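Visitor: take a look and give me a structure for this.
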Amino acid sequence: MANVLGVGIATLDIINELDHYPAEDSEQRAVSQRVELGGNVANSLRVLRQFGHPVEFAGVLPGDADGRRIADLMDRYGVDTRHARRVEGHAPTSYITVNRATGSRTIVHYRDLPEFDLGSFMAIDPTTYDWLHFEARACDETAAMLALVRARVTDQPISLEVEKDRPELDQLWSFPDLIFFSKAFAGGRGFEEPAAFLREVRNWAPQAILILGWGNAGAWMSRPDETDPAHVPAQPVDTVVDSIAAGDTLIAGFIHANARGTGPLASLEFAVRLAERKLGQAGLAGLGPSDPAADPDLLCRLGDLDSVDALGVWPRGGEARGPAPLIVIRDGERVCAWRNVCPHNGSPLSRERHDFLETREGERQLRCNVHQAYFRLDDGMCIAGPCEGQKLQPVDLERIGNRIYLAGRASRQEGPELPQEQSPESPRG
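Guide: Numbers count the residues shown, from 1 in each chain. Sure thing, here's the model as predicted:
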């Protein structure tokens, strides 16, 4: 699986579903309401995680209650936020009205935060990722980040999502290997026909694969060595339930397929089919075989942990707020778990999802951040600190292949994963 870094935005979406769109200056009762993780890059990373890819988010997360909820949702969905820039401020919120009669959505967005910048990005080593995906925002900063990555990576694809026009956007074209465009952007640039738009963009970005989603007409793709763009038509969707994040799903589907060695055209075919599946359901849950919604008892996967690692997890029914109740430990192929409770005073060893381990006396040990107690990984014994000689409480696990569960709660089914693995092919191929 590809380790994917996504640079962009995460929001809190408040989604009201109505049986028809309201008239101005009217009152109407919503049929349903849900609150979800949103934001273009955050949505794409969530879908990619459902297909088993380790994903990391680089963006701005505020410290208010809504910002903490965004971070909790990202943790719940398996999106790593260690590279997020933490700031004070109001979380970005999107108030979304979904018309059940048509599946269309209207979005009112509020944002009052600084953008993720080059200074924050400099703390990240781009060479450690298999794919780097950027949202076209704050274009001067994005251009600097893209230039840095372009100078440092070799074979890793760099992709860019262009949803809307922005100041200084045109300076970004020369850096990516792939550029995903929206129908709204093409229309804003004066184009009503996909092929004509892509022929024009070929002059801007001669090096890149260009992908253009076009709603119920499917998607088009232009490769550097081809004169005419290729078209993947859409198939009929019986009922369009929800179009929110369909474009983000298309992007995730392409990255997933192409990162696994599938050629660009077949990857686009898979992406279009995945976006159609998304249109037929509310939200993003269950689009991929590794989604917690599809396998709710899954604690984590072996690939979520490094060869020696500790990860805070929430069992089914737990709320991803506050400290994780369990710590899953990996030491090579050995996996075990302890309750996240220090025997000294009952406090959690850590309130962060990844901050449990420290190298001490030449070996990796669990550390309680409250009173600096240290515990062995193999048996949970405290070997230094105020509770020396006491043990962490073990939790029995069951492992099926790469999947880790509480004992007796493992699912025996693994969802299908398409397209099939093919020989590796460059994103430029």
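Visitor: backbone phi and psi for residue 246, please?
Guide: Backbone torsions for residue 246, taken as degrees, to the nearest 10, come to phi -60, psi -40.
Visitor: count of neighbours near it?
Guide: 21 (other Cβ atoms under 10 Å). Every C-beta, even on glycine, is put in place using the N, C-alpha and C of the backbone.
Visitor: cool, and residue 378?
Guide: As a burial measure, residue 378 scores 10 neighbours (other Cβ under 10 Å).
Visitor: what of residue 216?
Guide: By other Cβ under 10 Å, the residues close to residue 216 number 13.
Visitor: please apply the same query to residue 199.
Guide: Residues contacting residue 199 under the criterion other Cβ under 10 Å number 16.
Visitor: again, but for residue 281
Guide: For residue 281, the tally of surrounding residues (other Cβ under 10 Å) stands at 13.
Visitor: element containing it, please.
Guide: Under DSSP states H and E, no helix or strand contains residue 281.
Visitor: need the contact list for it.
Guide: The neighbourhood of residue 281, defined by Cβ atoms under 8 Å, 6 or more residues apart in numbering, consists of 241, 242.
Visitor: same thing but at 6 Å, please
Guide: By Cβ atoms under 6 Å, 6 or more residues apart in numbering, the residues touching residue 281 are residue 241.
Visitor: how close does it get to residue 206?
Guide: Separation of residue 281 from residue 206 (Cβ to Cβ, to the nearest Å): 38 Å.
Visitor: which secondary structure state does the residue nearest to residue 336 when sequence neighbours are not counted sit in?
Guide: Of all residues beyond its chain neighbours, the one nearest residue 336 is residue 329 (5.1 Å), with distances taken as Cβ to Cβ, 6 or more residues apart in numbering. State at residue 329, reduced to three classes by DSSP: H, G, I helix; E, B strand; the rest coil: strand.
Visitor: how close does residue 329 sit to residue 1?
Guide: 22 Å.
Visitor: neighbour-wise, which of the two wins?
Guide: Remark: of residue 329 and residue 1, residue 329 carries more neighbours, 24 against 18, as counted by other Cβ under 10 Å.
Visitor: where do the helices of the protein begin and end?
Guide: 40-50, 65-76, 118-121, 139-152, 183-188, 194-204, 246-259, 264-279 (DSSP state H).
Visitor: which elements pack onto the last one?
Guide: When you say that, I think you mean helix 264-279. Using 3 or more Cβ pairs under 6 Å, 6 or more residues apart in numbering; DSSP states H and E as the contact criterion, the elements in contact with helix 264-279 are strand 219-222, strand 230-232, helix 246-259.
Visitor: could you redo the last one with a cut-off of 10 Å?
Guide: helix 40-50, strand 178-181, strand 209-213, strand 219-222, strand 230-232, helix 246-259 (3 or more Cβ pairs under 10 Å, 6 or more residues apart in numbering; DSSP states H and E).
Visitor: residue 201 reaches residue 207, doesn't it?
Guide: No. Under the criterion of Cβ atoms under 10 Å, residue 201 is not in contact with residue 207, lying 11.8 Å apart.
Visitor: who has more neighbours, the two?
Guide: Looking at residue 201 and residue 207 with other Cβ under 10 Å, you find the greater number of neighbours at residue 201, namely 23 against 12.
Visitor: now do the more buried one against residue 157, distance only.
Guide: Distance of residue 201 to residue 157, computed by Cβ to Cβ: 18 Å.
Visitor: do the same with residue 75
Guide: When distances are taken as Cβ to Cβ, residue 75 and residue 157 turn out to be 26 Å apart.
Visitor: worst-scoring helix or strand of the chain, pLDDT-wise?
Guide: Every helix and strand in the chain was compared by mean pLDDT, DSSP states H and E; the lowest is strand 298-301, with a mean of 82.
Visitor: so what touches that strand?
Guide: Outside of strand 298-301, the residues that reach it under the criterion Cβ atoms under 10 Å, 6 or more residues apart in numbering are 1, 49, 52, 54, 78, 290-292, 295, 311-316, 326, 328, 330, 335, 337, 395, 397-406, 409-411.
Visitor: could you do stretch 185-199 as well?
Guide: Stretch 185-199 has contacts (Cβ under 10 Å, 6+ apart) with 136, 161-166, 169, 181-183, 200-201, 210-214, 217-222, 227-231.
Visitor: and it, what's buried?
Guide: Within stretch 185-199, the residues that count as buried by 16 or more other Cβ atoms under 10 Å are 185, 186, 191, 194, 197, 198, 199.
Visitor: what's the closest non-adjacent residue to the residue nearest to the spatial centre of the chain?
Guide: Among the residues of the chain, the smallest C-alpha distance to the mean C-alpha position (Cα atoms, centre = their mean) belongs to residue 45, namely 1.7 Å. The shortest distance from residue 45 to any non-neighbouring residue, by Cβ to Cβ, 6+ apart, is to residue 55 (4.2 Å).
Visitor: can you get me a residue count around residue 31?
Guide: Neighbours of residue 31 under the rule other Cβ under 10 Å: 12.
Visitor: specify the beta-bridge partners of the spatially closest residue to it that is not a sequence neighbour.
Guide: Spatial nearest neighbour of residue 31, chain neighbours left out: residue 17 (4.8 Å); criterion: Cβ to Cβ, 6+ apart. The bridge-partner assignment for residue 17, based on DSSP bridges, gives residue 32, residue 98.
Visitor: so residue 104 touches residue 240, yeah?
Guide: Yes. Residue 104 is in contact with residue 240 according to Cβ under 10 Å; the separation is 8.1 Å.
Visitor: those two: who's more crowded?
Guide: Remark: of residue 104 and residue 240, residue 240 carries more neighbours, 17 against 14, as counted by other Cβ under 10 Å.
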